[in-house]
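Undergrad: What follows is a protein structure lacking sequence information:
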């Protein structure tokens, strides 16, 4: 967005034939003038001098090719609710993509199980809580007044893996769902092996289900994405409900306009529905 504003500023500047800094400030305002001055310094122009011609071209090129700030170790770069914009155009989901897959009885049993119900209830119950409060990124979205352990339900905190972990445990699938031992494997996109160890199957790798999307995945599926430094993990709780460290009406790609690729649709195949005592 900053670059869009910047290019708009340049167009206004040169089309208005601004001759000096004083006229520039009058034309576009002090803040936009200072942005141009900063680019001037990047281009090697003397401080407070407005860049023109080749100098500004080199400066913009340098800024565009600069390093990109990576996200946290746990989840996608939604720090303080500010997502990296990928596109402003939402995809149109065809009726045939919504729910045409006929899932096996084992998967249907999973979707209708008490474990999935409890997992979803746990995730919903934690949406406004600051889980992993020791994480500096989670602290950023937590309220600064009482109660201190609360956050907006629809605001991402970058610690999606922590929330889904609690959901898996709350569902009774395992008593303690561990993270990877090293820093890299603590990231959401590397959660697959641990999910498999806990008894989940990535049906996206099966021929019958290889074309599944987050929209056509079964209810209760744990969705794992790659992309960015850490990827993302969330649970499909309904046709228009996706839960992790926040609630969305669409998968993370479209909810936050992030470039994430679905690499796992994990379910726990159940030959029969478990009887509750």
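TA: Nice, I can see it. Note that the coordinates shown come from a computational prediction; the quantities given were computed from them, not determined experimentally.
Undergrad: Residue 248 versus the closest residue in space to residue 216 that isn't next to it in sequence, what's the distance?
TA: In space, and not counting its chain neighbours, residue 216 is closest to residue 101: 5.5 Å by Cβ to Cβ, 6 or more residues apart in numbering. Heads up, the C-betas are built off the backbone N, CA and C, glycines and all. Look at residue 101 and residue 248: by Cβ to Cβ, to the nearest Å, they are 21 Å apart.
Undergrad: do the same with residue 229
TA: 20 Å.
Undergrad: Show me which of residue 101 and residue 248 is the more surrounded one.
TA: residue 248 (18 against 15; other Cβ atoms under 10 Å).
Undergrad: which phi and psi does the more buried one have?
TA: Phi and psi for residue 248, reported as degrees, to the nearest 10, are phi -130, psi 150.
Undergrad: And the closest residue to it other than its chain neighbours, what's its pLDDT?
TA: Of all residues not flanking residue 248 in the chain, residue 255 sits nearest, at 3.5 Å (Cβ to Cβ, 6+ apart). What the model reports as pLDDT for residue 255 is 95.
Undergrad: now residue 158
TA: Taking residue 158 on its own, its pLDDT is 84.
Undergrad: still on that earlier bit, contacting residues around the residue nearest to residue 216?
TA: Taking Cβ atoms under 8 Å, 6 or more residues apart in numbering as the contact definition, residue 101 lies against 209, 212, 216, 218.
Undergrad: pLDDT on stretch 199-207, on average?
TA: 97.
Undergrad: List the buried residues in it.
TA: Buried residues in stretch 199-207, defined by neighbour count with 16 or more other Cβ atoms under 10 Å: 200-204.
Undergrad: Stretch 115-133 too?
TA: Burial within stretch 115-133, assessed by neighbour count using 16+ other Cβ under 10 Å, is assigned to 115-116, 118-120, 122-123, 126-132.
Undergrad: now swap in stretch 237-247 and tell me
TA: Buried residues in stretch 237-247, defined by neighbour count with 16+ other Cβ under 10 Å: 237, 241-247.
Undergrad: In helices only, show me these.
TA: Judged by DSSP state H, helices contain none of the buried residues of stretch 237-247.
Undergrad: how is this structure carved up into domains?
TA: Taking automatic domain parsing as the reference, the chain has its domains at 2-64, 79-267.
Undergrad: which one of those domains has the lowest average pLDDT?
TA: For the domains of the chain, where the average pLDDT is lowest is domain 2-64, sitting at a mean of 50.
Undergrad: rewinding a little: with distance to residue 271 added, can I get the buried residues of stretch 237-247 in JSON lines?
TA: Shown next, in JSON lines, are those (distance: Cβ to Cβ, whole Å):
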{"residue": "237", "distance to residue 271": "24"}
{"residue": "241", "distance to residue 271": "27"}
{"residue": "242", "distance to residue 271": "28"}
{"residue": "243", "distance to residue 271": "26"}
{"residue": "244", "distance to residue 271": "29"}
{"residue": "245", "distance to residue 271": "33"}
{"residue": "246", "distance to residue 271": "34"}
{"residue": "247", "distance to residue 271": "32"}
